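Would you be able to build a 3D model of this:
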Amino acid sequence: MIDMQTVTVSPKFQVVIPLEVRRRMKIEPGTQLMVTAFNGSLRMVPVVPARALRGIARGVSPEIEREPDRQL
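As a prediction, this is how the structure comes out:
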């Protein structure tokens, strides 16, 4: 779902993230965001600490099915 809300850049180049977006993205005071320009737009992506990623692949098999001509 794309949220199309408008914000205004202040004279100090600051913007306020709308409340609904903050709630949906669970952005709280102190949350770090990575800001990047991409295809003529700005993207803000929450920075996730490495420890928060621990265990995300639990249960995924490391086995790879290979084609016969690609066997090790």
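
excluding its backbone neighbours, what's nearest the residue nearest the centre of the chain?
Note on the chain: the residue nearest the mean C-alpha position is Val45, at 4.0 Å, using Cα atoms, centre = their mean. Using Cβ to Cβ, 6 or more residues apart in numbering and skipping the chain neighbours, the partner closest in space to Val45 is Met34 (4.9 Å). All C-beta atoms are positioned from the backbone trio N, CA, C, and that covers glycine.

Correct me if wrong: the one you found contacts Leu42.
No. Under the criterion of Cβ atoms under 8 Å, Met34 is not in contact with Leu42, lying 11.0 Å apart.

rewinding a little: helix, strand, or coil at the residue nearest to Val45?
Secondary structure state of Met34, per DSSP: H, G, I helix; E, B strand; the rest coil, is strand.

Could you pull up the residues touching it?
44-47 (Cβ atoms under 8 Å, 6 or more residues apart in numbering).

can you tell me how far Asp69 sits from Pro62?
Distance, Asp69 to Pro62, using Cβ to Cβ, to the nearest Å: 22 Å.

roughly how far apart are Gly40 and Pro46?
Taking Cβ to Cβ, one finds Gly40 at 22 Å from Pro46.

For these two, indicate the residue with more neighbours.
More crowded of Gly40 and Pro46, by other Cβ atoms under 10 Å: Pro46, with 11 against 5.

ok, now how distant is that one from Thr8?
For Pro46, the distance to Thr8 (Cβ to Cβ) stands at 22 Å.

now Ala37
As judged by Cβ to Cβ, Ala37 and Thr8 stand 19 Å apart.

and if you look at Val15?
7 Å.

the more surrounded of those two?
Neighbours per residue (other Cβ under 10 Å) separate Val15 from Thr8, with Val15 holding more: 11 against 7.

This structure: strands as residue ranges?
Remark: strands assigned in the chain by DSSP state E are 33-38, 41-46.

Now do Arg22: how many residues are near it, please.
Neighbours of Arg22 using other Cβ under 10 Å come to 14.
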